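> Whatever this is, show me its structure:
(one chain, ligands or ions: 1)
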Amino acid sequence: MDILLMGPPGAGKGTQATLLCDALGLPTFATGNLLRDAVRRGTPLGQQAKAVMESGQLVSDDIILGVIRDELDAPAAANGVIFDGVVRTIPQAEGMERLLAERGRRLNAVLFFDVPDAEILGRIERRRGIEGRADDDPAAVAIRLQSYREQTAPVLAWYEQRGTLVRIPAVGPVDDIATRVRRALAEHGS
Ligand code: ADP
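Model prediction:
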């Protein structure tokens, strides 16, 4: 089963991805974490991505589709993957669909974590105090939210047309949201 988690920065995708990983026994894959790790280790990928990420902008579609292909070819991903924040542009959505189709797979569900803007800003500010991420400073956050609205929000409509999008109201206790996720997958995740 392949599941994509979407939503603005700070929507709680990572938290729910971890819970789903435990519940379904599938690996999670987050491009943000993979790229941050590459930057920390100073790999060629990290060197390419560092400045773009720190400014809050999106890494190129080619880079993202390359890392998705690598992930799909990993033996641990053979039974499905929980993709966390991996698709942020229409070309990435198209490329991901093609890469899955080449392997006889498709996204079984796209879960959209819906959180109002005011809540998002408060969550990122709190996370900045805890994790100290370079791209959580206010200027980079503003750019990330803008690139989300301009490039990623249209992807929701793209999935909606295909009938794979499920909206999850994502404000409230973590456990309540996890329950909504489980129900959504039971109803739509086929
Ligand atoms: P957030 O969801 O708060 O933006 P992430 O940890 O998911 O945080 O991503 C951090 C950064 O990594 C993004 O701002 C972007 O620069 C880069 N990134 C992650 N995933 C993608 C993607 N699919 N396409 C382009 N850039 C990405």
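
> so residue 3, which of the three states?
Classification of residue 3 using DSSP: H, G, I helix; E, B strand; the rest coil returns strand.

> Next, count neighbours for the nearest residue in space to residue 174 that is not next to it in sequence.
Closest residue in space to residue 174, ignoring its immediate chain neighbours: residue 15 at 5.9 Å, by CB to CB, 6 or more residues apart in numbering. The way it works is simple: take the backbone N, C-alpha and C, and place the C-beta from them, glycine included. Residues near residue 15, counting by other CB atoms under 10 Å, number 15.

> Is any residue of the helix or strand containing residue 15 near the ligand?
Under the criterion of DSSP states H and E, residue 15 resides in helix 13-24. No - for helix 13-24, no contact with the ligand is found by CB under 6 Å from any ligand atom; the gap never falls below 6.9 Å.

> what separates the residue nearest the centre of the chain from residue 75, distance-wise?
The residue lying closest to the centre of the chain (CA atoms, centre = their mean) is residue 85, at 0.8 Å. Separation of residue 85 from residue 75 (CB to CB, to the nearest Å) stands at 23 Å.

> same thing with residue 157?
Going from residue 157 to residue 75 by CB to CB gives 35 Å.

> ok, the closest residue in space to residue 121 that isn't next to it in sequence - how many residues close by?
Counting by CB to CB, 6+ apart, residue 141 is the residue found nearest to residue 121 once chain neighbours are left out, at 7.4 Å. Residue 141 sits with 21 neighbouring residues when counted by other CB under 10 Å.
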